[in-house]
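[1] Quick one, structure for this:
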Amino acid sequence: MSLVLGLDIGTSRATGVLVDTAAGRVLARHILPYAPGFTISERWPGGAEQDPKVWADAAMRVCRECVLASQKRRIYIESVAITGLFGGLGVPVGTDFEPLRSVPIWLDRRATAEAEALRRDLPTDALRSVTGMDVIDPYFGFVKLVWYMARETGLYLRTHRLLTPVGYIARLLTGEHTTDLSSMANFGGLLDARTWQVNQEMADVLSKVASGIAGVRLEVRPDLFGTIVRSDEVIGEATGVGAALSGIPEGVPVVAGGVDTSVAMLAVGASSPGDNALIMGTSWTWGLLRDGGPDSKVLSRMVTVPHVIRPNDLVCSFGGGAYLGGAAGHWMPQMVTSTQLETLDREAALVPPGSGGLVFHPFLAGASGPIWRSDLTAAFVGLRADHHRGHMYRAVLEGAAFLLEDGMRTVAASGVPLAPSTTVVDAGLGTALWRRIVADVVRRPLAHIAAFPGTAYGAAMLAAVGAKLAREEDVLGWVPTMRAVQPTEDEAVLEAYGEARGRFWRSMRALNGEVGGTSPKGSA
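    Numbers count the residues shown, from 1 in each chain. Next up is the predicted model:
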């Protein structure tokens, strides 16, 4: 029996799972939280930054724990793969590969002026034809890169390379600088979907816009991103330095890995067009698989990246709700009420559907796809003296579910077929109440894996496939049997959610104008 290690570097915690390749059993799991995992920049409104050394320290500590678990069993790790958060700008490093600054992560929305400048200079048709996406938004790394070039020009001129969080950890282990396809596509604006290389014309546009803002000539160099590789490609072996840092034996192959949403889809066995999953972590993201290839249809207003194992055949498209839309919860339990999540969940379960007329707009850091509005802010609407924190927390959960429903309907309206059910990836962060609310609001069955090890499990699958310790069909066979959560047929519940849905979108439009809301009023 051989073992593989899957490592997930998230916004709020690092997770490692040790998996045997014979049956896909999780023999050890180690989690190291660093909540909330980021700081809000006071200098830059909308800024959210994370220290890459936090990722490195957590990753190496998790690795060492998993290595110790393998040694106790006298079975040794034969491959490693890494997944992680979309790193926004990425880690800017000097020639010594030491970080030059903290990282504006996916949550960071400061680059609004740069996004406007790019919209003026970068035609949507050109962006669509090259990258397979049609959105320019501060969420994307290429917009953050223009901000970095224009606003911190001195630092940019010292920047030797940009590393994704996944690539940063991989380089510590192997000494190799690579960017996997899924992370490079998620960076946006630069990866040519036809060649899987940085498109020079797109790089020239970014250079022009940044130079215009900075007032000096600047250049986006393709070598900033190192070697662009497939997610299932072995990029190197653990070096002596990597072994000393992580405990992973020298010579163990390291597989490139990928951005967390795409790897999470693999973790739940998604393998065919239409398969879709709701990934619940610090934020939530809903993704689906579609037919890929150079001629694949652009799914408007969604992020699209190559599949982590079959990039020639499949793409993963996804959109997300707002930060902390209700899935994991630092905001309500830790930053607002100082109450355990379990307590809030119990209290919210006693509140009937519709949260007693209370509505929550969960835009604590703007909105990503398919809405794409950096200016949206969160709000409780309809708060009364008889509402308590259980009403508030249930409204947080319901608000996230209404956004999820809107995203699903947007995709369905584009003609993309969906599988009959939606799989939930919650890594223990979700609850039965949250799953029940989602199923009832979106009117779709959910498939849930109890005690699921999360996205790190998908990284372990990639480690096995990339090192040729297992085939794709083998690792898909690892996925445990799922439990079904059927949507309610209770007419009173459906009516309550229909009314709540109407309140949600009416108040949203009153506060912010047209922002979405394809869900018909009064239906559930």
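
[2] Return the helix or strand in this structure with minimum mean pLDDT.
    In the chain, no helix or strand scores lower on mean pLDDT, DSSP states H and E than strand 39-41, which sits at a mean of 73.

[3] quick one: buried residues of the host helix or strand of Ala500?
    Assignment of secondary structure by DSSP states H and E places Ala500 within helix 491-512. For helix 491-512, burial by neighbour count (16 or more other C-beta atoms under 10 Å) applies to 493-494, 496-505, 507-508, 512. Quick note: C-beta positions are derived from backbone N, CA and C, even for glycine.

[4] what do you get for stretch 225-238?
    Phe225, Gly226, Ile228, Val229, Arg230, Ser231, Asp232, Val234, Ile235, Gly236, Glu237, Ala238.

[5] Throw those residues into TSV and include distance to Pro362, thanks.
    Below are these laid out as TSV (distance: C-beta to C-beta, whole Å):
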residue	distance to Pro362
Phe225	33
Gly226	36
Ile228	35
Val229	36
Arg230	35
Ser231	30
Asp232	35
Val234	40
Ile235	37
Gly236	41
Glu237	44
Ala238	41
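
[6] So which of those belong to helices?
    Using DSSP state H, no member of these falls in helices.

[7] Show me the beta-bridge partners of Gln50.
    Counting by DSSP bridges, Gln50 is bridged to Val103.

[8] what's across from the nearest residue to Val424 once chain neighbours are set aside in the sheet?
    Once flanking residues are discounted, Val424 sits nearest to His448: 4.8 Å by C-beta to C-beta, 6 or more residues apart in numbering. Going by DSSP bridges, His448 is paired in beta bridges with Val424, Arg483.

[9] what about the residue nearest the centre of the chain, which SS state?
    The centroid of the chain falls nearest to Thr261 when counting by C-alpha atoms, centre = their mean (4.6 Å). With DSSP: H, G, I helix; E, B strand; the rest coil as the basis, Thr261 sits in helix.

[10] Which helix or strand contains Asp8?
    Assigning secondary structure by DSSP H and E places Asp8 in strand 3-9.

[11] Can you list the residue ranges for strands in the stretch 101-250 of the chain?
    103-104, 161-163, 178-180, 227-229, 234-237 (DSSP state E, counting those that start in this stretch).

[12] Save those as JSON lines, and put in distance to Met133 too.
    Shown next, in JSON lines, are the strands of the stretch 101-250 of the chain (distance: least, C-beta to C-beta, whole Å):
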{"stretch": "strand 103-104", "distance to Met133": "20"}
{"stretch": "strand 161-163", "distance to Met133": "19"}
{"stretch": "strand 178-180", "distance to Met133": "17"}
{"stretch": "strand 227-229", "distance to Met133": "17"}
{"stretch": "strand 234-237", "distance to Met133": "25"}
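
[13] Adding distance to Glu201 and mean pLDDT as columns, could you present those strands in a markdown table?
    Below are the strands of the stretch 101-250 of the chain laid out as a markdown table (distance: least, C-beta to C-beta, whole Å; pLDDT from 0 to 100):
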| stretch | distance to Glu201 | mean pLDDT |
| --- | --- | --- |
| strand 103-104 | 25 | 94 |
| strand 161-163 | 20 | 98 |
| strand 178-180 | 19 | 98 |
| strand 227-229 | 17 | 98 |
| strand 234-237 | 28 | 98 |
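
[14] Go through these and name the closest to Val198.
    Val198 lies closest, by C-beta to C-beta, to one member of these: strand 227-229, at 7.5 Å.

[15] now the stretch 251-400 of the chain, which segments are flagged as low pLDDT?
    Scanning the stretch 251-400 of the chain for pLDDT under 70 picks out the ranges 281-282, 294-295, 321-331, 333-335.

[16] The same query, at a cut-off of 80, please.
    Counting by pLDDT under 80, the stretch 251-400 of the chain contains low-confidence residues at 280-284, 293-296, 320-339, 341, 364-366.

[17] can you pull out the helices in it?
    Taking DSSP state H, counting those that start in this stretch as the test, the helices found in the stretch 251-400 of the chain are 260-267, 341-349, 389-413.

[18] Just say which of these is most tucked in.
    helix 260-267 (a mean of 32; mean count of other C-beta atoms under 10 Å).

[19] Which residue ranges make up each domain of this structure?
    Domain ranges of the chain: 3-261, 271-448+488-524, per automatic domain parsing.

[20] got CSV for the ones you listed, with distance to Arg471 too?
    Shown next, in CSV, are these (distance: least, C-beta to C-beta, whole Å):
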stretch, distance to Arg471
domain 3-261, 11
domain 271-448+488-524, 10
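
[21] For Ala470, which of the ones you listed is the nearest?
    Checking the domains of the chain against Ala470 by C-beta to C-beta gives domain 3-261 as the closest, at 5.1 Å.

[22] What is the end-to-end distance of that closest one?
    Terminal residues of domain 3-261 lie 24 Å apart, using C-alpha to C-alpha, to the nearest Å.

[23] ok, now stretch 446-462?
    25 Å.

[24] which parts of that stretch are buried?
    Buried-residue list, stretch 446-462, by 16+ other C-beta under 10 Å: 446-449, 452-462.

[25] if we can go back for a sec, what is the subsequent helix or strand relative to the strand holding Asp8?
    Later in the chain than strand 3-9, the nearest helix or strand by DSSP H and E is strand 13-20.

[26] between that following strand and strand 3-9, how many degrees?
    170 degrees (axes from the mean of the first three to the mean of the last three C-alpha atoms, to 10 degrees).

[27] List the strands paired with strand 13-20, with their directions.
    strand 3-9 (antiparallel), strand 26-33 (antiparallel).

[28] I'd like the mean pLDDT over the first one, please.
    The reference is to strand 3-9. In this model, strand 3-9 has a mean pLDDT of 97.

[29] same thing with the last one?
    On average, the pLDDT along strand 26-33 is 94.

[30] where does the stretch 51-200 of the chain dip in pLDDT?
    Those would be 87, if you go by pLDDT under 80 across the stretch 51-200 of the chain.

[31] Where do the helices of it begin and end?
    Ranges of helices within the stretch 51-200 of the chain are 52-73, 112-121, 124-131, 141-151, 153-158, 165-174, 181-187, 200-214, based on DSSP H, counting those that start in this stretch.

[32] Can you lay out the ones you listed as TSV showing distance to Tyr34 and mean neighbour count?
    Below are those laid out as TSV (distance: least, C-beta to C-beta, whole Å; neighbours: other C-beta atoms under 10 Å):
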stretch	distance to Tyr34	mean neighbour count
helix 52-73	5	20
helix 112-121	28	17
helix 124-131	32	16
helix 141-151	22	26
helix 153-158	24	14
helix 165-174	13	27
helix 181-187	21	28
helix 200-214	32	18
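
[33] Thanks again, I'm all set now.
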